[in-house]
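**Student:** Have a look; sequence and predicted model below, questions after that.
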Amino acid sequence: MSSAAPSVSSLPSFAQERPAVRFPRFFESRENLLLLKRTLAAPVVKALEETARGAFFASRARLDVAYLDPSELLQSVSNPLARRFLAQDIESLARVFGAAMGRRHLHAQLEVLADDRCRKFHTDNVTVRLLCTYVGPGTQWVRNEDAVRGNLGRTDVDLETANRSVFRVPEAVRECTAGDVLLMKGEAFPGNRGFGVVHRSPPIIKRSLRRLVFKIDEHACGC
């Protein structure tokens with residue numbers, strides 16, 4: 001990185017007050033999904049893409065919201081700008097998420113992957129999950145009104161047929177873009193049983209793509 005490169009604080013992603021305002025409202029609402037669209041600055045994108053092209057890693061940490069230190073998650077991130085940006089972003093997201101959840105401790109995960117995780121559309125038995133794909137295709141999801149929940153978990157047909165049967169029309173499938181923050185209420189959120197967000201990881205193996213993904217859960221992370 002040249003000495004003329006901008007500092008992390010000057011690299012815009014989203015207005016910092018938005019999560020602090022929108023996260024609590026989301027937790028109090030009947031909505032099951034909140035998507036914050038973000039445009040990351042070009043130098044940050046380049047640094048994150050360099051990280052995703054490096055060695056695979058999967059780092060997990062239990063974060064203390066009162067004394068946030070994401071360094072355990074960033075041990076495999078060698079690019080200086082990527083490391084500073086991720087530290088700042090993870091701290092910001094975890095702080096607001098923890099405050100909205102009323103939790104001091106959260107479970108976080110940062111990983112580089114190149115496989116098709118969670119290939120079937122499904123719901124999660126969690127309260128709320130935060131996902132941010134920094135590099136590569138983002139999480140795919142289906143709105144409540146477009147989902148055919150009775151077809152979730154089908155085993156009588158092949159994978160692709162099972163997936164297609166979960167949404168009413170092909171264009172119902174939405175996909176996050178790199179940098180977006182997605183909050184999804186799961187089946188364990190109070191009053192949300194039967195309305196967990198229908199989603200899956202995007203298929204990337206056939207496209208030879210990689211993803212850099214960050215995740216926060218109230219409890220230890222799963223699929």
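**Tutor:** Cool, the structure landed.
**Student:** Can you give me the buried ones in stretch 152-167?
**Tutor:** 152, 162, 163, 164, 165, 166, 167 (16 or more other Cβ atoms under 10 Å). Placement of C-beta: from N, CA and C, glycine included.
**Student:** what about stretch 69-83, start to end distance?
**Tutor:** Its start and end residues considered, stretch 69-83 measures 13 Å (Cα to Cα, to the nearest Å).
**Student:** now swap in stretch 162-177 and tell me
**Tutor:** End-to-end span of stretch 162-177 (Cα to Cα): 25 Å.
**Student:** and if you look at stretch 33-52?
**Tutor:** Stretch 33-52: ends 27 Å apart by Cα to Cα.
**Student:** I'd like the average pLDDT over it.
**Tutor:** The average of the pLDDT scores along stretch 33-52 is 94.
**Student:** Can you give me the buried ones in it?
**Tutor:** 33-34, 36, 38, 40-41, 43-45, 47-49, 51-52.
**Student:** Widest-spaced pair of the residues you listed?
**Tutor:** 33 and 43 (30.3 Å; Cβ to Cβ).
**Student:** The most centrally placed residue in the chain sits in which helix or strand?
**Tutor:** Nearest to the mean C-alpha position of the chain, by Cα atoms, centre = their mean, lies residue 131 at 1.3 Å. In the assignment (DSSP states H and E), residue 131 maps to strand 128-135.
**Student:** about what we covered before: please name the nearest non-neighbouring residue to the residue nearest to the centre of the chain.
**Tutor:** residue 182 (4.6 Å; Cβ to Cβ, 6 or more residues apart in numbering).
**Student:** before we move on, what about residue 176?
**Tutor:** Residue 176's closest residue in space is residue 138 (Cβ to Cβ, 6+ apart), at 2.8 Å.
**Student:** Quick check: the one you found vs residue 157, distance?
**Tutor:** Note on residue 138: its distance to residue 157, by Cβ to Cβ, to the nearest Å, is 27 Å.
**Student:** What of residue 195?
**Tutor:** 24 Å.
**Student:** ok, now residue 18?
**Tutor:** For residue 18 relative to residue 157 (Cβ to Cβ), the value is 41 Å.
**Student:** per-residue confidence at residue 4?
**Tutor:** 38.
**Student:** In helices, which of the buried residues of stretch 33-52 fall?
**Tutor:** Members of the buried residues of stretch 33-52 lying in helices (criterion: DSSP state H): 43, 44, 45, 47, 48, 49, 51, 52.
**Student:** The fourth one contacts residue 78, doesn't it?
**Tutor:** Spelled out, that is residue 47. No. Taking Cβ atoms under 8 Å as the definition, residue 47 is not a contact partner of residue 78, at 10.3 Å.
**Student:** before we move on, back to that, what two of the buried residues of stretch 152-167 have the greatest distance between them?
**Tutor:** 152 and 164 (12.6 Å).
**Student:** hmm, which helix or strand of the protein has the shakiest average pLDDT?
**Tutor:** Lowest mean confidence among the helices and strands of the chain (mean pLDDT, DSSP states H and E): helix 17-28, at a mean of 82.
**Student:** Residue 178 is in contact with the residue nearest to residue 176, correct?
**Tutor:** Yes. Contact criterion Cβ under 8 Å: residue 138 and residue 178 qualify, at 6.5 Å.
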